[in-house]
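S.K.: my questions are about this predicted structure, shown below with the sequence.
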Amino acid sequence: MNIREPFRCMEARTKGFSLVEVLVAVALLSFGLLGMMGLQASALKFTRDARLQAVAVGFGRELGEMMHANVAVAAQPENPYLGVFSGDPLMPERASNCLNSGNACASPIDVAHAQMSDWLARVGAALPGAQVTVCADDDPYDAHGLPVWNCAAPPPAAARGAIYIKIGWTRANAQGKLVTSPDDAARPLVVFPVVLNA
């Protein structure tokens with residue numbers, strides 16, 4: 001028996017891949033790439049949602065600081081900081097620009113009107129389809145612990161309880177359908193409490 005005979009048999013068996021093997025490998029690679037593309041799309045959506053959430057929290061913190069700085073106005077039961085703000089553009093009931101350079105505000109209430117005009121304009125520009133509710137509220141959550149837009153039984157004076165800044169915007173739900181903030185199914189996505197008498 002020739003000593004090279006077993007090696008020749010092995011060479012014949014390992015010459016290359018069959019067409020079926022190549023097609024199976026390509027199919028498996030395609031499924032893996034499709035899965036990675038879906039994962040990438042989900043990661044981009046979650047990153048966008050997290051960025052908008054962080055922006056909204058920053059806006060809530062900013063409005064809370066403005067209210068603390070102008071507490072004589074913010075503690076009144078009726079003041080320019082309170083209200084339901086929606087639409088495009090996002091504007092207060094009485095717009096003011098007295099904080100712009102070259103202008104002067106005559107009173108703290110005028111300052112509050114100007115602050116809300118500027119703040120709402122920036123919220124509307126940063127959050128798609130933004131809606132804001134600022135109210136004194138005894139119960140900003142429903143029985144399931146989910147935030148609600150409506151303000152239930154506010155205290156007689158805002159300073160006696162917490163004021164809640166509720167912010168929502170248009171975003172995709174779990175099924176991929178866009179839910180705008182005025183929809184019945186929509187809820188505030190950020191609820192920011194502000195306690196003025198702390």
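M.R.: All right, it came through fine.
S.K.: so Leu146 touches Leu189, yeah?
M.R.: No - counting by Cβ atoms under 8 Å, Leu146 stays clear of Leu189, with 10.9 Å between them. C-beta here means a position set from N, CA and C on the backbone, and glycine is covered the same way.
S.K.: pick out the residue nearest the middle of this structure.
M.R.: The residue lying closest to the centre of the chain (Cα atoms, centre = their mean) is Gln53, at 3.3 Å.
S.K.: sorry, back to before: neighbour count winner among Leu146 and Leu189?
M.R.: More neighbours surround Leu189 than the other of Leu146 and Leu189, with 19 against 11 (other Cβ atoms under 10 Å).
S.K.: name the next helix or strand downstream of the helix ranked longest in the chain, please.
M.R.: Longest helix in the chain, counting residues (DSSP state H): helix 19-69. Using DSSP states H and E, the helix or strand that follows helix 19-69 in sequence is helix 71-74.
S.K.: okay, now the unreliable bits of the chain?
M.R.: 1-17, 153-161, 174-176, 181-185, 198 (pLDDT under 70).
S.K.: now do the strands in it.
M.R.: Remark: strands assigned in the chain by DSSP state E are 83-85, 131-136, 162-168, 171-172, 178-179, 190-195.
S.K.: returning to that earlier point: got the angle for the longest helix of the chain vs strand 131-136?
M.R.: 40 degrees (axes from the mean of the first three to the mean of the last three Cα atoms, to 10 degrees).
S.K.: now stretch 118-126: buried residues?
M.R.: In terms of neighbour count (16 or more other Cβ atoms under 10 Å), stretch 118-126 has its buried residues at 118-120, 123-124.
S.K.: and that stretch, C-alpha only, in CSV?
M.R.: Only the C-alpha atoms of stretch 118-126 are listed here, as CSV (Å, rounded to 0.1, in the frame of the first residue of the first chain):
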residue,chain,number,x,y,z
ASP,A,118,-39.8,82.5,25.9
TRP,A,119,-40.0,79.1,27.7
LEU,A,120,-43.0,77.9,25.8
ALA,A,121,-41.5,78.9,22.5
ARG,A,122,-38.3,76.9,23.3
VAL,A,123,-40.3,73.9,24.4
GLY,A,124,-42.4,74.0,21.2
ALA,A,125,-39.3,74.2,19.1
ALA,A,126,-37.5,71.3,20.9
